[in-house]
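> Predicted model and sequence below, questions to follow.
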2 protein chains.
Amino acid sequence: TKNLIVRNKLNAFYFLMIFTSSGAGYHSESKAKEYKHVCKRACQRAVDRLRAGGLALEAVTAALMELEDSPFTNAGTGSNLNLSGEIECDASIMDGKSLNYGAVGALSGIKNPVLVARRLLSETQKGKLSAGRIPPCFLVGKGAEQWAISHGIPACPTEKMTTKFSLSGYKRNKRKMELAEQVETKRKRQSCEENNSACLDTVGVVVVDREGNVAAAVSSGGLAMKHPGRVGQAAHYGCGCWAENARDVSLYSTAVSTSGSGEHLIRTMLARECSTAMQAENAHQALLEAMQNKFISSPFLAGEDCVLGGVIVLRCCTCGEAQRSEDIQALLVEFLWSHTTESMCVGYMSAQDSKARTHISRLPPGAVAGQSLAIEGGVCRLGTVSD
Amino acid sequence: TKNLIVRNKLNAFYFLMIFTSSGAGYHSESKAKEYKHVCKRACQRAVDRLRAGGLALEAVTAALMELEDSPFTNAGTGSNLNLSGEIECDASIMDGKSLNYGAVGALSGIKNPVLVARRLLSETQKGKLSAGRIPPCFLVGKGAEQWAISHGIPACPTEKMTTKFSLSGYKRNKRKMELAEQVETKRKRQSCEENNSACLDTVGVVVVDREGNVAAAVSSGGLAMKHPGRVGQAAHYGCGCWAENARDVSLYSTAVSTSGSGEHLIRTMLARECSTAMQAENAHQALLEAMQNKFISSPFLAGEDCVLGGVIVLRCCTCGEAQRSEDIQALLVEFLWSHTTESMCVGYMSAQDSKARTHISRLPPGAVAGQSLAIEGGVCRLGTVSD
């Protein structure tokens, strides 16, 4: 442990985790490579910020911007197109230290939706607007776009955010829908037989910084062929991301981001549920139970036989055996991911690592997506010399 | 008790409660009369539906439509105008039986926003759309308006929803803002010294029907002079309303609606917190503690010294001494309201009542709005002959 601590003398501790989540059979080998690349780049961005003295909130923003800018993710550039062929993005961010929150929904014409969420969060912290008006924490649609531009956030026409891939997906989906509407007579219950890949590939980030603050953020282009104005979990408080520093009643700092079928993640409030569960002693067991009881078998999703989602969870404490010396602070970080989708791509990096690690997690053979889950993770002890 | 039960033989049990909430010194005597009138009419609408065999979900919708149509409430017609002089409404509805939910945010051009939320909820229950798309539970802005119109919900131009009162309020606020912007140099922390009345007067309804199902709904025109696209608690899952029938782990059915400063109600997720608290034995004590610890002193609102909000809470069970005979079902209904605003107007009616009762609840003398609370309520036992 001593070596470890000395090695991180300058960096202090931090840990971050990033995901892109995907649907059935979608993380093919060629795709997987791209996802791993973008996860690594995003980790690097966050680490650069942290090394430059930035806090968790800045690091999650930097990482998410990199993910949004990738044409391979369903967030920012390359987002799914809606029913009208437009891009409408959702994003949110939460700061575990101040518990402040910012979100945008159905936002068009802005290159980095998370930047708007981040700015809403920081404007909230500045207090009231003129004539005693409370600043907004959640803006949608045209109003959100105007607000962003008036706050100096770069605009971007939809055409520039549309990729060859998203456009061909739109055309394919449109044909599929037209065909389906000729054939279908009755609406069906949620079923996994149909390809749900279109709703996924969203991105999320969780970070703990050198001061032990956590932050979480999430960004999504939403369901392919969604109705204009549809807002998913990525813009929903308690559903897309959650971050809470440890305080009196809660021993652990926790940060969570979610991905998957927006409506299911909303109705189960999955991010907050996972965060609450993480106060239990056994993190792995607690997440397993939360995913099983609060998601797959949630009473809020009774009758749904295909519940698709994924979460990344980070919890940390400066507790127990870690407090051995007054000169040395140690932080125990547990990081976990779980998903009911076929696969999920995760990247992570700690203050001890010289580069990010990436991993494609898959459901065990024979497991049914939307009904079974995979859960993995690790533990890492980080140290810093206190001043 | 026997008389009571016989009297309600045909009606079976139901109970409903309605509020309009208001800011500092705003429920003046003349206003109070109007509020009481509209609360009574809304109660009557709900009761008519229930007597005709309607369930809780239909009753809350009918009552809320009446409240939205009143020019005196900040919901539907007569809503506060935003910074651009437009009306943008938020509304949501939740069904305690199915736990389904529907919401609209920043919706213009629709006479009854709650009707759109109600329709989103019922479309969700019909299963997937063509080509396996999951139906949305939350729509905002222009997309929500288009969806509503395509589903046959009456449109209404903003001019028709604007009242003399809302327009003069807008002009007064605009002048106030312009003056303030000349003077103010630094933004202030949230303080109650300024008049916060503009953010309130929203409306909510909670109902339990003859089958013991609960439902809740809420509707709001939002903050006066809000930024276009701002969405408040009335369109936020877990924040504006909550309804959950009793099931295995929870003894009580609960329904909650909230009103007040939207951002504060969002960040504290007040509706859901109150619903969760209501599983404790002593309802009055539980609500008191929830309002104190999860709202006024919430860590999510640290640094805010003025936390304005109000809730109506209904909980019921067919438990304890009520189960005395197999032929007779009895339902114990506890109804409570609490607020940190100067006043709140509440209307309620049970299957035993021939007409609705209304009440203006006020903070005790000397209590400071945003820092103190009032809490009141009652208990009522309702009966029905089981078949």
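Noted; the coordinates are in hand. Numbering: from 1, shown residues only, chains lettered A, B, ... in the order given.

> Please identify which helix or strand holds A:Thr358.
Assigned by DSSP states H and E, A:Thr358 belongs to strand A:357-362.

> buried set for that strand?
Buried positions in strand A:357-362, judged by neighbour count with 16 or more other Cβ atoms under 10 Å in any protein chain shown: A:Thr358, A:Ile360, A:Ser361. In short, each C-beta sits where N, CA and C put it, glycine included.

> For the last one, list the residues it contacts.
With contacts defined as Cβ atoms under 8 Å, 6 or more residues apart in numbering or on different chains, A:Ser361 is in contact with A:Trp337, A:His339, A:Ser343, A:Met344, A:Cys345, A:Val346, A:Ala374, A:Glu376.

> Which member of the residues you listed is positioned nearest chain B?
For those, the residue nearest chain B by Cβ to the nearest Cβ is A:His339; the value is 17.4 Å.

> for the closest one, which residues make a bridge with it?
A:Gly310, A:Ala374 (DSSP bridges).

> Count the residues that sit near it.
30 (other Cβ atoms under 10 Å in any protein chain shown).

> can I assume it is in contact with A:Leu373?
Yes. Using Cβ atoms under 8 Å, A:His339 is in contact with A:Leu373, at 6.6 Å.

> roughly how far apart are the residue of the stretch 51-200 of chain A found nearest chain B and B:Glu244?
Nearest to chain B, among the residues of the stretch 51-200 of chain A, is A:Gly143, at 2.0 Å (Cβ to the nearest Cβ). Look at A:Gly143 and B:Glu244: by Cβ to Cβ, to the nearest Å, they are 32 Å apart.

> where along the stretch 1-150 of chain A do the helices fall?
Applying DSSP state H, counting those that start in this stretch to the stretch 1-150 of chain A gives helices spanning A:2-7, A:29-51, A:56-69, A:113-125, A:141-150.

> ranking these by mean pLDDT, which is last?
For those, mean pLDDT drops lowest on helix A:2-7, to a mean of 38.

> how about the strands in chain A?
Assigned strands in chain A, in chain order: A:15-22, A:89-95, A:101-107, A:138-140, A:203-208, A:214-220, A:241-244, A:253-260, A:309-317, A:328-339, A:343-350, A:357-362, A:374-385 (criterion: DSSP state E).

> quick one, what contacts the residue lying closest to A:Gly229 once chain neighbours are set aside?
Leaving aside its chain neighbours, A:Gly229 sits nearest to B:Gly143 (2.0 Å; criterion: Cβ to Cβ, 6 or more residues apart in numbering or on different chains). B:Gly143 makes contact with A:Glu88, A:Ala106, A:Gly141, A:His227, A:Pro228, A:Gly229, A:Arg230 under the criterion Cβ under 8 Å, 6+ apart.

> A:Glu334 now?
A:Ala283, A:Leu314, A:Arg315, A:Cys316, A:Gly377, A:Gly378, A:Val379.

> and these, which are buried?
Here, 16+ other Cβ under 10 Å leaves A:Ala283, A:Leu314, A:Arg315, A:Cys316, A:Gly377 buried among those.

> For A:Cys317, give the beta-bridge partners.
Where A:Cys317 sits in a bridge, its partners, by DSSP bridges, are A:Leu332.

> hang on, it packs against A:Val379?
No. Taking contacts as Cβ under 8 Å, A:Cys317 lies outside contact range of A:Val379: 11.5 Å.

> Low-confidence ranges, the stretch 151-300 of chain A, go.
For the stretch 151-300 of chain A, the stretches with pLDDT under 70 are A:184-200.

> Enumerate the residues of the stretch 251-387 of chain A near chain B.
Residues of the stretch 251-387 of chain A lying near chain B by Cβ under 8 Å from any Cβ of the partner chain: A:Ser261, A:Gly262, A:Glu263, A:His264, A:Ile266, A:Arg267, A:Met269, A:Arg272, A:Pro299, A:Phe300, A:Ala302.

> so the fifth one sits right up against A:Tyr237, yeah?
No. A:Ile266 is beyond contact range of A:Tyr237, at 9.9 Å (criterion: Cβ under 8 Å).

> Now for these two: what residues contact both?
The contact sets of A:Ile266 and A:Tyr237 overlap at B:Tyr237 (Cβ under 8 Å, 6+ apart).

> Which residues does stretch A:49-56 contact?
A:11, A:14, A:16, A:58-59, A:62, A:95-97, A:207-211, A:213-215, A:243, A:255.

> For those residues, which PyMOL command selects only the ones that are buried?
To isolate the buried members of these in PyMOL, using 16+ other Cβ under 10 Å:
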select buried, chain A and resi 11+14+16+58+59+62+95+96+97+207+208+209+210+213+214+215+243+255
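
> Quickly note the distance from the residue nearest to A:Glu376 when sequence neighbours are not counted to B:Gly260.
With Cβ to Cβ, 6+ apart as the criterion, A:Glu376 has its nearest non-adjacent residue at 5.5 Å, and that residue is A:Ser361. Distance, A:Ser361 to B:Gly260, by Cβ to Cβ: 43 Å.

> Could I get the contacting residues of A:Gln125?
By Cβ under 8 Å, 6+ apart, A:Gln125 lies in contact with A:Ser98, A:Asn100.
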